[in-house]
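Chemist: heads up, no residue letters with this:
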C-alpha cells in the first residue's frame, strides 16, 4: 500500500485531482492494472522460403517478448498509442536494479536519460510513469508545469511552495527537460533529497551537471530506433513504410521527421539540413564529433550526427558513440570533404591519418568510414577486390517477416544457417586516379565504359561512385557494416545518366575488414538488383612518402 500519509508530511496542503483531469484519467486507467491486454498479436506470414532464400527466427534483440503497444488515450497527452521499445524496458529495468543496489547509501542515485533528439526519450517517460502506475509504485511527475503525486488514493497536486523536506520516504520523480528547459529543477535535487530523480533531456551536460552535487547521478544513453522499430511505428501511424525508411536513410533516426508527426515540418527540416551541410567544414565537423562525445552542445550538431551508446548492454553506457546521422549524410559529407586537385601531399597524409585515428576508437569507428570514403574519393586508394554475392534471407519474429541481404561472413545471429559457397564471380579492379571523371546532378551526355564516375563536391542528389565495365554497371556504397540502408540518388536519376537496364546493375557495398553487413532494400524497384559486398582493408589506402610520416 502506498497511502499519501506515508509519502508526504502535510497531505492537507495537497489538492486532489478530479478523476476526469488528465492525471486523474491516467491514474484510473493504469493504477495497479496490468498491460498484458495491450500487446499486439503475432503477425508471422504463413509462407515457405523460395529456393534462393533462407528463413529463420530473428533473435529478440530489437523486439523483446514483452514489447507491446500502450493505448494511452488520455486528455492533454498528444501521444495516444505508444510502441514500447525493448530499449524502454531495458533502461527501466537497469535503473531499478541500480536503485535497489544503492538505495540504502548516501547520496541517493539519480538518472539522466539522454540521447539524440527526436528518438522518443519523452516517450520513455510516459512508459516509466505507466509502469510505476501499473505496479502500484508511488511516484512524482512534473507534467507540463505542475508536480503530481501518484498514490493508491489517487493523484494529488503539490502546492507551488512545496518543500523537498516534506517527503518522508524515497520517491521516484520524473522530469522532462521539455517542461523545464533551464535544466533539472533545484527543488528535486536539493541536499538530503528523498527524491530519486529521472531527468529526460537532450545530450547537453550543462542541463544536468548540478545533479552530481547532491545525488549519485548516472548518465544513460538511449539507443535510437532501428529500421524494424520504424517499420512497426509506420504501421501504427498509418504511414507508408517505404517513405518512412527512405526518410530514415536520408535524415537519420528522428521519429518526428521519419513519421512526419508534425505535418509541414519535413520540407523545412530538409532545407535546413541542406544549408548546414553546404556550409559545414571539415574542422567544424570534427568539433561536432569531439564535443558530442563529452555531451557538449555545438550548433546544428543534431542535424548531421547521432549520439548512440557503444554497446547494446547498458553497463558503461555513459560512453557515447557518435556518427553521421544517416547513410545520405555520410555520403554527402564524404564527397564534400574529399581533397581537391592540387592539394598538397601533406593534406593527403592528414586525410589518411584522420581515418586511422577514428578507426582505432570504438566509439568513433562508424565515423571513420566517412573519412575512408573521402580518402578513397580523393584518389588515395586502389581497388582490386573480389565481389562477393550477398545472401537473401527472410527474417521473422512476432512482429512479422522482412527480407534482408546478409554478407556470407555474417555470423552475428548465432543461428545455424547455410549460406552456400562464397561466390567470387567478379573482380572489380581499377586505380581511381587514372580513370576518373566527375559528374554533376544534371547527369551525363553519355556513359563511357571503364571510367570511374565520381560525384562533384557540390552535388545534392547523385552521390554514388559508379563504373560501367564488363557489361555491368557497378554502383558503390560505403558502409561501416552492420545495419545499412541504400543511398539511391544516382539510381533515382538513372535516365539522366544513360544507365543500362536494372538487370545489368550491381550495387557493391564496400565494407571494412572483419565487418558484418545487413542490408534492407526499402526501394521495391531495386529488389532484383544484383547485390555484392567487397572488403577494402585500410592497407589499400595511399602509402604516403616517408618524409611525411
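Modeler: Cool, got the structure. This one's a predicted model, so the numbers in the text were calculated from it and none came from an experiment.
Chemist: CA atoms for contacts and neighbours, from now on please.
Modeler: Noted.
Chemist: Give the residue spans of this protein that score low on pLDDT.
Modeler: Within the chain, the segments meeting pLDDT under 70 span 1-2, 35-67, 315-318, 341-342, 380-434, 480-485, 512-516, 520-528, 535-549.
Chemist: Now do the domain split for it, please.
Modeler: Domains of the chain are assigned by automatic domain parsing as 4-221, 382-540.
Chemist: Please name the residues that touch residue 243.
Modeler: For residue 243, no residue meets the contact criterion (Cα atoms under 8 Å, 6 or more residues apart in numbering).
Chemist: Please renumber the chain so that the first residue is 552 from this point on.
Modeler: Sure, I'll start counting at 552 from here, so that last one is residue 794.
Chemist: What's the separation between the nearest residue to residue 986 once chain neighbours are set aside and residue 904?
Modeler: Using Cα to Cα, 6 or more residues apart in numbering and skipping the chain neighbours, the partner closest in space to residue 986 is residue 1002 (5.2 Å). Counting by Cα to Cα, to the nearest Å, the separation of residue 1002 from residue 904 is 28 Å.
Chemist: Just say helix, strand or coil for residue 1026.
Modeler: For residue 1026, the assignment made with DSSP: H, G, I helix; E, B strand; the rest coil gives strand.
Chemist: where's the spatially most central residue of the chain, which helix or strand?
Modeler: Centroid-nearest residue in the chain: residue 775, 3.4 Å away (criterion: Cα atoms, centre = their mean). Here residue 775 is covered by no helix or strand, with elements defined by DSSP states H and E.
Chemist: Now for the closest residue in space to it that isn't next to it in sequence: which residues touch it?
Modeler: With Cα to Cα, 6+ apart as the criterion, residue 775 has its nearest non-adjacent residue at 5.4 Å, and that residue is residue 670. Residue 670 sits next to 775-776, 804-806 when contact means Cα under 8 Å, 6+ apart.
Chemist: ok, so of those residues, who is nearest residue 1030?
Modeler: Using Cα to Cα, residue 804 is the member of these that sits closest to residue 1030, with 16.9 Å.
Chemist: Next, the distance between the ends of stretch 882-895.
Modeler: 23 Å.
Chemist: on contacts alone, who are the packing partners of the host helix or strand of residue 641?
Modeler: According to DSSP H and E, residue 641 maps onto helix 637-653. Secondary-structure packing of helix 637-653 (3 or more Cα pairs under 8 Å, 6 or more residues apart in numbering; DSSP states H and E): strand 660-665, helix 672-685.
Chemist: quick one: buried residues of the first one?
Modeler: I take that to be strand 660-665. Neighbour counts over strand 660-665 (16 or more other Cα atoms under 10 Å) mark 660-665 as buried.
Chemist: tell me the strands in the stretch 752-901 of the chain, going along the chain?
Modeler: Assigned by DSSP state E, counting those that start in this stretch, the stretch 752-901 of the chain shows strands spanning 767-772, 856-860, 871-875.
Chemist: Same check on the stretch 902-1051 of the chain?
Modeler: In the stretch 902-1051 of the chain, the strands defined using DSSP E, counting those that start in this stretch lie at 933-940, 942-948, 951-957, 977-982, 987-990, 1003-1006, 1017-1020, 1023-1029, 1033-1035.
Chemist: cool, and the stretch 602-751 of the chain?
Modeler: Using DSSP E, counting those that start in this stretch, strands in the stretch 602-751 of the chain cover 604-608, 620-622, 632-634, 660-665, 690-694, 697-702, 705-708, 722-727, 746-751.
Chemist: Okay, angle between the fourth one and helix 672-685 too, please.
Modeler: Between strand 660-665 and helix 672-685, the angle comes out at 140 degrees (axes from the mean of the first three to the mean of the last three Cα atoms, to 10 degrees).
Chemist: gap between strand 660-665 and the chain center?
Modeler: Centroid displacement of strand 660-665 relative to its chain, using Cα atoms, centre = their mean, to the nearest Å, is 20 Å.
Chemist: List the neighbouring strands of it plus their orientation.
Modeler: Strand 660-665 pairs in its sheet with strand 746-751 (parallel), strand 767-772 (parallel), by DSSP bridges.
Chemist: can you tell me which residues contact residue 744?
Modeler: Here residue 744 is in contact with 659, 715-716, 765 (criterion: Cα under 8 Å, 6+ apart).
Chemist: buried set for stretch 874-892?
Modeler: By 16+ other Cα under 10 Å, the buried positions in stretch 874-892 come out as 874-890.
Chemist: correction: stretch 691-702
Modeler: Applying 16+ other Cα under 10 Å to stretch 691-702 flags 691-694, 698-702 as buried.
Chemist: before we move on, the earlier item: ok, the residue nearest to the centre of the chain touching residue 665?
Modeler: No - in this structure residue 775 lies outside contact range of residue 665 using Cα atoms under 8 Å: 10.6 Å.
Chemist: If you count contacts, what does whatever helix or strand residue 579 lives in end up packed against?
Modeler: Assessed by DSSP H and E, residue 579 sits inside helix 573-581. Applying 3+ Cα pairs under 8 Å, 6+ apart, we find helix 573-581 packed against helix 672-685, strand 705-708.
Chemist: Kindly recompute the last result at 10 Å.
Modeler: Packing partners of helix 573-581 (3 or more Cα pairs under 10 Å, 6 or more residues apart in numbering; DSSP states H and E): helix 672-685, strand 690-694, strand 697-702, strand 705-708.
Chemist: Distance from the shortest one to the middle of the chain?
Modeler: Same thing as strand 705-708. Distance of strand 705-708 from its chain centroid, counting by Cα atoms, centre = their mean, is 37 Å.
Chemist: neighbouring contacts of it?
Modeler: 554-555, 562, 564-570, 572, 574-579, 582, 689-692, 697-701 (Cα atoms under 10 Å, 6 or more residues apart in numbering).
Chemist: Check the separation of the first and last residues in stretch 724-733.
Modeler: Using Cα to Cα, the end-to-end distance of stretch 724-733 comes out at 17 Å.
Chemist: List the buried residues in that stretch.
Modeler: Judged by neighbour count (16+ other Cα under 10 Å), stretch 724-733 contains these buried residues: 724-728.
Chemist: Any chance you could list what contacts that stretch?
Modeler: Contacts for stretch 724-733 (Cα under 10 Å, 6+ apart): 661-664, 672-673, 676-677, 679-680, 689-700, 734-736, 739, 745-753, 757-759.
Chemist: Settle this for me: residue 675 is touching residue 630, isn't it.
Modeler: No - between residue 675 and residue 630 there is no contact under Cα atoms under 10 Å: 11.8 Å.
Chemist: In terms of neighbours, single out the busier of the two.
Modeler: Taking other Cα atoms under 10 Å, residue 675 and residue 630 do not tie; residue 675 has more neighbours (23 against 14).
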